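J.: Below is the sequence, then the predicted model.
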Amino acid sequence: MTWLLSCLLNIRLGETEVDMRSILKRHLAIALIVGMTIFITLVQFDLASAQDCSDLEVLELGASLYFENCVVCHGEDGQGRVGATLAKDWPSIRPDLRVRDTIESGGPGMLMPAWSQDDGGPLSDYQIDELVNG
């Protein structure tokens, strides 16, 4: 039994004095590291799942706002009717900012009105964010 214990604890009897406290501390530290790694992995998995739910909510709200306010001019699939075609590549480094600005303020010479409450429209900044990001 002593031989098995010395093999498991990686010590040699007779050459060094067995310090059970330091061995237990080392094993406790290893168990703590393994436990924390498992805990962090599970927390990250839960956060990723929560993010997926949040992304789904953003998409649903954005789609709802689009169908309530935009589909009449831009079509169900963004193919355009009276309004511009939205289902296309937007040649811009930050197309989201261009789209946001157009939704907020409309544009000179455009049929599109301003939608931001700050510019007299019905949508809050939060709702415009949902349209742009959804």
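T.: Sure, I can see it.

J.: I'd like to know which elements the helix or strand that residue 128 is a member of is packed against.
T.: Element membership for residue 128 (DSSP states H and E) is helix 125-133. Secondary-structure packing of helix 125-133 (3 or more CB pairs under 8 Å, 6 or more residues apart in numbering; DSSP states H and E): helix 20-69, helix 95-105. Any C-beta I mention is one placed from the backbone N, CA and C, and that applies to glycine too.

J.: Now the weakest link among these, please, by mean pLDDT.
T.: Sorting these by mean pLDDT places helix 20-69 lowest, at a mean of 66.

J.: Tell me which helix or strand comes right after it.
T.: Next along from helix 20-69, by DSSP H and E: helix 71-74.

J.: Could I get the average pLDDT for that following helix?
T.: For helix 71-74, the per-residue pLDDT averages 88.

J.: could I have that helix exported to PDB, CA atoms only?
T.: Extracted in PDB, the C-alpha atoms of helix 71-74 (Å, rounded to 0.1, in the frame of the first residue of the first chain):
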ATOM      1  CA  VAL A  71     -42.700  47.100 -46.500                       C
ATOM      2  CA  VAL A  72     -45.200  49.400 -48.300                       C
ATOM      3  CA  CYS A  73     -42.400  51.300 -50.100                       C
ATOM      4  CA  HIS A  74     -39.500  48.800 -50.100                       C
END
